[in-house]
Each structure stands twice: as structure tokens, then as C-alpha cells.
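>>> I would like to see how this sequence folds:
(2 chains)
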Amino acid sequence: MKALFIASSLAASLVVLSGAAHAQQAAPTKIDPAVVDKYVESMWAKAPDPWKTVPVQDETQRICTETRNNPSQADFTKIMEREKASVVFPADGKVIGDWKAGERVANTGTGGQFTDGPNTPRGGNCYACHQMAPTELSYGTLGPSLQNYGKDRKFDPAEARNAYAKIYDAQAVFPCSQMPRFGLHKFLSEQQMKDAVAYLFDPESPVNK
Amino acid sequence: MRNVRFRGLFAAAFGVLALSSGLAMAQAQQDDAEKEIERYRAMISDPMSNPGFLAVDRGEVLWAAKRGKKDVTLETCDLGEGPGKLDGAYAKLPRYFQDADRVMDIEQRLLWCMEKIQDLDTADVRRRRFGGPDYTSDMQDLVAFIANKSSGMKYQPQESHPKEKEMLAAGEALFFRRAGVMDFSCATCHGDDGKRIRLQALPNFSKAGKDAQDTMGGWPTYRVSQSQLRTMQHRLWDCYRQMRMPAPEYASDGITALTAYMVKMAAGGEITVPSIKR
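Sure thing, here's the model as predicted:
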């Protein structure tokens, strides 16, 4: 209960903080989307296949861009429903894999870059943005800390399932979240996502130590 | 009743104190790390030992070299301040050029001058747009030379011409545009104060001010990790690589738009280049 209170007050202060940071941004300058498309084409119209279509926005990216990640209530609901429908859970219902493999997923920041080969290992690069195991000091601060993630949720299987959904498609949980949709974009494999969930939810994982 | 409420208040206040002292400790550690990085930067930014100045020297030679079908130098090239006038030119780029009837950044303008003044086939120059271990880049060298002529001056974004206004608005739109397999925009990493990726501090480019000034004031820079003088053109190419976007076209209007936007956020920032970075 106390932990919950601290967590929620921390979350509240973070909301206030990020709200304050964004308040310093000037209001968006108006521009015809067709003009922006022209500039986008100037950079990528000559990109080779299969890269060519990557810069084209899907509906969710378009709305989050247009509203600077503050969608209207109606759009919020629409995005959440659409993204929720896209989440595919493992057929056997098991969302927890191997935490040691999950640690590799969290630490690996390669793969999918235009300078990478097709066989470059891919990772979720979780540590780029999140604090996780207390022993890993090289972590980013773009996302919230995930220390004790499973422990704080009493290793609840329903919470593990939610975490799988969040990794698969962060916007199914929170529309216009800054986090990548790793499953929707097929950036991570089902096994990698299960392993990442294990890194968060296995009691033996250093995240919970 | 009153006592209970008082105790509750006390507990809450204690909780906030404990929480904030934890945060303060983490903040102090980060401040120490940043002070060390600052010390390292100061140590390596000695002009006498910064290899970026070799690029400046090569650029000076290229500027005065007769090339192309017309066998002339670039010395009549107008970078915005008048033909051959280099002092302060970089501080006002990108800007509108009447002869081309478009807004150009430094790379676009240099290529334009090579093609129009020298009648140079720029295919080879474009191929060597980013220097590698076995070859130098004329473009990197020329940008280093010209930017250095604005050292000690301040960025003055140009926004009076309608085409400059469009360029700026497009740059802002591109900065906040989410796309690709990571759903990232530039603002994902550069949209808030005091954030970092792993241990690397991220400058906030979503507003005008110190972060943008300090960052833009140090480009072009000699990248120790790459053993190359690099320009903002290369840095943006590298950002899109990390965002898992396709490689952006060199000297395209999209890159110029983003540069124009960043220069606007850096207005008034002092230029000290080439700098030297990790």
C-alpha cells in the first residue's frame, strides 16, 4: 500500500514535470501536410526497397504526430482499440520465457539500422531508456525505472500478460506512448518478447533483486 | 483526531523527503559524471591538437583550387554574404538565395557553386560525402573551413523570406514527425530537459535555448571515435540510422529543413568550431 502510494505520487510528480517541460515548447507552427510530405520525399523517395515505405506513417503515428502525443479523448479511445486488436499473444498462453536471454534482449542495441547486415543480432535495447537491474548503471532515463518490476506486482501472472502486451504494442496500453511497438512492427520475435517479460517477472532475475 | 492527521502528514512529508533525497543523490552522481565529461572535453579541445583543423586546412586549399570544366576556383561563390565573403556566412545558413530561388544549407550551396561556377561533375564529391579511413571528404573539409570563418560569432537564423518561413515550419514538423519501426521522432529523444540515453545526455531541441545553443555551437566537430571531422549533415544521417529509418538523401531539402529548425532553436548561440567530441 505504502509502495503503491509512493509509486503513484512519483507518477503524479512525473506527470507534472513532463507537463511543465512541454509547456515551454512553442505552439506548433501551422503547415500544410502536403508540404511536409514533399520534404519527407526529398529525403526518402529514392530509398531502396524494402526501406522505401518505412517513412510512410500509419494512422496511429499520424495522429500522435499531429497532436504532439496528446490525442483527443475520441482519438485516444480509437487508437487504444485498434492497437489492442493487433496484439497477438503466444498460442500456448505462456508469456514468460528465459530471463537470461531476456537480459540480452534488454542490453542489445543493434539490428535494423541501415548500416546493419540482415544477420546483425536484434535487441529491444531496453536499457537505452529504462533502469532495470540495480547492478547495471548504464541506463537511460527516457522511460520510467523498471527496477523490481515483477516483485512490485507480486509476480502476478495477469501483470506479466499486461507487460507482454505493453512490449508487443505500447500504444494498446497507452496511446501515443513514446515506446516502440516491438511486436506490431515485428522488430522482436515472440520468443524475444517472452524472454524480456521473464527478465521483468522471474523472481531470479536481477531486476527483482 | 488532530493527532492522527498530524502523524499522517508527518509520514507523508517524510516519504517525500526520503524520495527526494534519493533523487538528489542520483542527480549528484550524474552532475559529477557530467563535470568529468566537461573536463575531458576542455582537455581535448586545444586547437593545436584538434585534428579537425587539418580538415579546415584542406578545405582552404580546396576553396582556392581550380577545378571543373571551367577550371576556376570557388572563390566567387556567394554563401549569402556576397561573392567570396566567408566571414559570418555559416552563422546565417540555411538561407534563401535569389539566384537559385530556393533556401539552401551549406552543403547544398557548395554543390550548387561547384556545378554552376566550376561546371564540376559532383558525382565523385557526392560519393565521398562522408570521409572514411581511406579517403577524405571534400565536402566535410570545405564545411569545416567555411564554418571556422564564423567561429566566435553567433547563430542568426534567417526567417524573413516566405521560403525561409516554409523551410523552418517544415523542419519543425519533421522534428516532431513519428514514423518507422521504432515509432520515433527527433522529439522522442530530444523533447525534454535532462534526459539521457544509456549514460549519454540528450540535448533538448524542442525549445529555443541553452541546449540547442551549446550543441549547434560545436558543429562541425572532430569525432574522436570516428577519426573524422563530421558535419551536422552527417549527425542527422546518423540519428536516422539509430531511429531505424532509411538513410536520408544527402543535401536534401528535408535535412536543410531540420538544420534550419535547429539553428532557430540555437539563435544567439556562439559558434566555436571545429570542436572536438567523443
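
>>> Output the lowest mean pLDDT helix or strand found in chain A.
helix A:2-23 (a mean of 42; mean pLDDT, DSSP states H and E).

>>> after that one, next one along is what?
On the C-terminal side of helix A:2-23, the closest following helix or strand by DSSP states H and E is helix A:33-44.

>>> Any idea how far that next one is from the middle of the chain?
Averaging C-alpha positions (CA atoms, centre = their mean, to the nearest Å) puts helix A:33-44 26 Å from its chain's average.

>>> Same question for stretch B:82-90.
The chain centroid and the centroid of stretch B:82-90 are separated by 20 Å under CA atoms, centre = their mean.

>>> contacting residues around the particular helix or strand that has residue A:74 in it?
Using DSSP H and E, residue A:74 sits in helix A:73-86. Helix A:73-86 is touched from outside by A:59-60, A:63-64, A:67, A:71, A:165, A:169, A:171-172, A:175-176, A:181, A:184, with contacts defined as CB atoms under 8 Å, 6 or more residues apart in numbering or on different chains. The way it works is simple: take the backbone N, C-alpha and C, and place the C-beta from them, glycine included.

>>> OK, contacts around the residue nearest in space to the middle of chain B?
The C-alpha lying nearest the average C-alpha coordinate of chain B belongs to residue B:232 (CA atoms, centre = their mean; 3.9 Å). Counting by CB under 8 Å, 6+ apart, residue B:232 makes contact with B:216, B:219-220, B:259, B:262.

>>> just for chain A, where's the confidence low?
Applying pLDDT under 70 to chain A picks out residues A:1-24.

>>> where do the helices sit along it?
Along chain A, counting by DSSP state H, helices occupy A:2-23, A:33-44, A:59-66, A:73-86, A:99-107, A:149-152, A:157-168, A:170-173, A:190-201.

>>> May I see the buried residues of the second one?
The one in question is helix A:33-44. A:36, A:39-40, A:42-44 (16 or more other CB atoms under 10 Å in any protein chain shown).

>>> now swap in the last one and tell me
Within helix A:190-201, the residues scored as buried using 16+ other CB under 10 Å are A:190, A:192-201.

>>> Run through the buried residues of helix A:33-44 and flag the ones next to chain B.
When CB under 8 Å from any CB of the partner chain is applied, the members of the buried residues of helix A:33-44 adjacent to chain B are A:36, A:39-40, A:42-44.

>>> now for the residues you listed, which pair is the farthest apart?
A:36 and A:44 (12.7 Å; CB to CB).

>>> what kind of secondary structure is residue B:144 in?
Assigned with DSSP: H, G, I helix; E, B strand; the rest coil, residue B:144 falls in the helix class.

>>> For the residue lying closest to it once chain neighbours are set aside, grab the count of nearby residues.
Nearest non-adjacent residue to residue B:144, counting by CB to CB, 6 or more residues apart in numbering or on different chains: residue B:55, 4.0 Å away. Look at residue B:55: counted by other CB atoms under 10 Å in any protein chain shown, it has 27 neighbours.

>>> quick one: contacts for residue B:55?
Contacts of residue B:55 (CB under 8 Å, 6+ apart): B:136, B:140-141, B:144-145, B:220, B:222, B:229, B:274.

>>> hang on, the earlier thing: might you specify the subset of the contacts of residue B:232 located within helices?
Per DSSP H, those map to helices at B:216, B:259, B:262.

>>> In JSON lines: those residues, plus distance to chain A, neighbour count and pLDDT.
Shown next, in JSON lines, are the ones in helices among the contacts of residue B:232 (distance: CB to the nearest CB, whole Å; neighbours: other CB atoms under 10 Å in any protein chain shown; pLDDT from 0 to 100):
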{"residue": "B:216", "distance to chain A": "18", "neighbour count": "23", "pLDDT": "98"}
{"residue": "B:259", "distance to chain A": "12", "neighbour count": "25", "pLDDT": "98"}
{"residue": "B:262", "distance to chain A": "14", "neighbour count": "24", "pLDDT": "98"}
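
>>> wait, which of those is closest to residue B:167?
Looking across the ones in helices among the contacts of residue B:232 and measuring by CB to CB, the closest to residue B:167 is residue B:259, at 9.1 Å.

>>> now that closest one: how far from residue A:25?
Separation of residue B:259 from residue A:25 (CB to CB, to the nearest Å): 19 Å.

>>> got the contact list for the residue nearest to the spatial centre of chain A?
In chain A, the centroid-proximal residue (CA atoms, centre = their mean) is residue A:179; its distance is 2.5 Å. By CB under 8 Å, 6+ apart, the contact list for residue A:179 reads A:129, A:143, A:166, A:170, B:183.

>>> how far away is it from residue A:146?
Counting by CB to CB, the gap from residue A:179 to residue A:146 is 11 Å.

>>> Ok, residue B:174 next?
For residue B:174, the distance to residue A:146 - CB to CB - is 31 Å.

>>> what do you get for residue A:172?
The value you get for residue A:172 to residue A:146, if CB to CB is used, is 18 Å.

>>> Would you map the strands across the stretch 51-200 of chain B?
B:95-97, B:102-104, B:196-197, B:200-201 (DSSP state E, counting those that start in this stretch).

>>> Remind me what the first one packs against, helices and strands.
Secondary structure elements in contact with strand B:95-97, counted by 3 or more CB pairs under 8 Å, 6 or more residues apart in numbering or on different chains; DSSP states H and E, are strand B:102-104, helix B:162-175.

>>> coming back round to it: relative to residue A:92, which of the helices of chain A is closest?
Closest to residue A:92 of those, according to CB to CB: helix A:190-201, at 10.2 Å.

>>> From the rest of the structure, what touches that closest one?
Under CB under 8 Å, 6+ apart, the answer for helix A:190-201 is A:88, A:90, A:94-99, A:101-106, A:122-124, A:126, A:132, A:146, A:149-150, A:153, A:155, A:159-160, A:163-164, A:167-168, A:182-183, A:188, A:205, A:207-208.

>>> can you tell me which of these are up against chain B?
Applying CB under 8 Å from any CB to the contacts of helix A:190-201, none is adjacent to chain B.

>>> Now, of those residues, which are buried?
By 16+ other CB under 10 Å, the contacts of helix A:190-201 give A:95-97, A:99, A:101-106, A:122-124, A:126, A:132, A:146, A:149-150, A:153, A:155, A:159-160, A:163-164, A:167-168, A:182-183, A:188, A:205, A:207-208 as buried.

>>> For residue B:270, name its beta-bridge partners.
Judged by DSSP bridges, the bridge partners of residue B:270 are residue B:154.

>>> May I ask you to confirm that residue A:105 is in contact with residue A:132?
No: Residue A:105 lies out of contact with residue A:132 (CB atoms under 8 Å); the separation is 11.0 Å.
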